[in-house]
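Just the structure for this:
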Amino acid sequence: MGSRLLGTCLLSVCVLTMSVSCDARKQPSDGITSFEKDDAGMNSAISQARSTVDHFITRLNAPVTDDDMVSVKIAMATTDGSFEHIWCDGVVFREGTFTARIANEPRDKQYVYGQQVTAKSGEISDWMFVENRKLVGGYTVRYMYSQMSATEKADFLRAVPFALE
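This is a model prediction of the structure:
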């Protein structure tokens, strides 16, 4: 399963927008879940992703096939002054910088699906890869999952091609 499917699977529950004006957890009709910028759980997940990014970089140095799901979440400044945290695929890491392509349709229209973006390793919001159908990394995904109702959790697990452990 390619990373293009990853963007499709994660779009409705794992694209993250952090803005000052939203409720603590709000999912508007576009399926993008929003969190306040001071949400302690989300900020902890982002910190954990940043502190373990070397594990992801090591994985990127291993051969990546079209069947591998490898993705990095990058915070993109929006026109309203907040940030949209967007999953990106086609990830390459060189000289301390990730280069990747936006893997879903962003809310902020200054960005487009497939657009190439960059971020320093200390600026990413999350990273993930799937190994033996198990999610590795994906700290913001795990936090968002912990905030879902039982029905949302069941729907999520049916929609993604990996297990959460």
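
tell me the SS of the nearest residue to residue 74 once chain neighbours are set aside?
Nearest non-adjacent residue to residue 74, counting by C-beta to C-beta, 6 or more residues apart in numbering: residue 119, 4.5 Å away. All C-beta spots, glycine's among them, are computed from the backbone N, C-alpha and C. State at residue 119, reduced to three classes by DSSP: H, G, I helix; E, B strand; the rest coil: strand.

pretty sure residue 119 is touching residue 97, no?
Yes - applying C-beta atoms under 8 Å as the test, residue 119 and residue 97 come out as touching, 7.0 Å apart.

Show me where the chain dips below the pLDDT cut-off.
Low-confidence segments of the chain, defined by pLDDT under 70: 1-32, 64-67.

count of residues packed around the residue nearest to residue 138 when sequence neighbours are not counted?
In this structure, residue 138 finds its nearest non-sequential neighbour in residue 128, 3.8 Å apart by C-beta to C-beta, 6+ apart. A total of 25 residues lie near residue 128 under the criterion other C-beta atoms under 10 Å.
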